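Q: Sequence plus predicted model, see below.
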Amino acid sequence: MIRIHFLEPTTPDWVKWREKCEQETQALISEFAKEKTVSIKGSVYKGSSWGIKDKYYFALSAPFYGKCAYCEQKVHGNQCGDIEHYRPKAEVTDIDNNPVLVAAGAGTEPHPGYFWLAYDHSNLLPICNQCNTRQKDKGTGAMIGKGTRFPVRGSYATAPEELDEEQPLLLNPLKQDPDSHFRIDETGVLVAQTPEGEATRDVLGLNLRDLPNDRARVYEDVTMKFAAMIDAEIVEKGSERSLKLRGILARYVSGEAPLSMAGRQALRDASNRTATLLAGIAKPPALDDESIA
Ligand SMILES: [Zn+2]
């Protein structure tokens with residue numbers, strides 16, 4: 001998972017879709033006030049009339065690069081991918097998939113869902129079917145997949161004005177930098193550094209589904225390509241081979257390559273080792289008298 005910088009498009013189809021979303025959101029709020037329930041239309045949040053889902057959320061270009069916003073795998077042609085509601089649009093369950101109950105009168109009732117965010121682009125992410133679907137991990141039997149789960153610290157918001165106070169435990173790559181919540185090394189295993197990192201790892205199964213092996217392969221590949229690039233630069237500065245390798249490595253920096261989080265860490269580690277090596281050459285250790293003799 002990496003931070004995704006999403007600048008809202010200004011294209012006519014996006015603007016039209018946003019207008020439609022705002023109208024439909026007002027309709028949902030009115031419907032909920034009357035009926036205490038809402039019917040959410042997939043065609044609205046997918047922007048079906050304008051092809052928003054494919055054109056913006058699953059395009060091969062920035063900012064999502066055809067990848068799942070959670071696990072960073074490419075969403076391949078054999079799966080259509082899902083438009084994910086970071087805050088669930090209807091039913092809400094906790095990390096153990098138990099329904100979230102909120103105060104109502106003298107008692108409690110199931111959380112109605114963050115229906116007012118159902119058509120809000122800041123709540124939408126392109127994700128893969130594996131991250132979205134509640135399923136048993138084949139290797140460990142652990143239940144993984146987002147589904148309707150949304151763990152928070154403390155109490156849940158049930159109205160727009162309460163959102164600022166809510167403390168989600170699931171990381172939102174549109175707003176938070178996962179690098180602050182995970183450590184990763186050549187093993188490809190994500191080591192959570194915060195409760196948010198732990199919850200996100202467990203909800204999405206980020207250390208299951210063969211993802212650590214996939215990240216380890218990226219780490220190794222990037223490490224080798226970085227060394228090859230340095231070699232190529234030494235032999236011939238700015239050579240075709242060096243430029244080609246730079247181009248490949250740049251895809252991890254931009255976030256275009258799958259599993260860029262692992263690739264970026266490999267680049268940081270390799271750069272640090274190179275810097276340490278160069279510092280050692282610049283400042284050779286003093287020879288003692290015995291070795292001079
Ligand atoms: Zn995924």
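A: Cool, the structure landed.
Q: those helices in the stretch 101-250 of the chain, which residues are they?
A: Assigned by DSSP state H, counting those that start in this stretch, the helices in the stretch 101-250 of the chain fall at 129-132, 195-204, 211-235, 240-254.
Q: Packing partners of the first one?
A: Looking back up the chat, that one is helix 129-132. strand 82-85 (3 or more Cβ pairs under 8 Å, 6 or more residues apart in numbering; DSSP states H and E). All C-beta spots, glycine's among them, are computed from the backbone N, C-alpha and C.
Q: Now do the residue nearest the centre of the chain, the pLDDT please.
A: Geometric centre of the chain, nearest residue: Y70, 3.2 Å, by Cα atoms, centre = their mean. On pLDDT, Y70 comes in at 97.
Q: how near is it to L125?
A: 7 Å (Cβ to Cβ, to the nearest Å).
Q: anything in contact with each of the two?
A: Residues touching both Y70 and L125 (Cβ atoms under 8 Å, 6 or more residues apart in numbering) are 84, 173.
Q: Would you mind measuring from the closest residue in space to P126 that isn't next to it in sequence to G145?
A: Excluding the flanking residues, the one nearest P126 by Cβ to Cβ, 6 or more residues apart in numbering is Y57, at 4.0 Å. Look at Y57 and G145: by Cβ to Cβ, they are 19 Å apart.
Q: Looking at those two, which is more packed in?
A: When Y57 and G145 are compared for neighbours, Y57 comes out ahead with 24 against 19, by other Cβ atoms under 10 Å.
Q: got a list of what the more buried one touches?
A: 64, 81, 83, 124-126.
Q: same deal with G51?
A: D13 are the contacts of G51 under Cβ under 8 Å, 6+ apart.
Q: per-residue pLDDT, it?
A: Residue-level pLDDT assigned to G51 equals 95.
Q: and what of E290?
A: 60.
Q: what does T25 give?
A: For T25, pLDDT reads 98.
Q: do L28 as well
A: So L28 comes in at 97 (pLDDT).
Q: Wait, it touches Y114, no?
A: No. Checked against Cβ atoms under 8 Å, the pair L28 and Y114 is beyond contact range at 10.7 Å.
Q: hmm, back to that, format the helices of the stretch 101-250 of the chain as a markdown table; extra columns: distance to the ion and mean neighbour count.
A: Listed next are the helices of the stretch 101-250 of the chain as a markdown table, based on distance: least, Cβ to the ion, whole Å; neighbours: other Cβ atoms under 10 Å:
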| stretch | distance to the ion | mean neighbour count |
| --- | --- | --- |
| helix 129-132 | 3 | 21 |
| helix 195-204 | 7 | 22 |
| helix 211-235 | 9 | 17 |
| helix 240-254 | 18 | 15 |
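Q: can you tell which of those is closest to K46?
A: Closest of those to K46 is helix 129-132, at 13.8 Å (criterion: Cβ to Cβ).
Q: Pull the contacting residues for S155.
A: Contacts of S155 by Cβ under 8 Å, 6+ apart are 102, 166.
Q: Check it and give its pLDDT.
A: For S155, pLDDT reads 95.
Q: Tell me how far it lies from the ion.
A: From S155 across to the ion, the span is 29 Å (Cβ to the ion, to the nearest Å).
Q: one step back: turn the helices of the stretch 101-250 of the chain into TSV, columns for mean pLDDT.
A: Converted to TSV, the helices of the stretch 101-250 of the chain look like this (pLDDT from 0 to 100):
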stretch	mean pLDDT
helix 129-132	92
helix 195-204	97
helix 211-235	95
helix 240-254	96
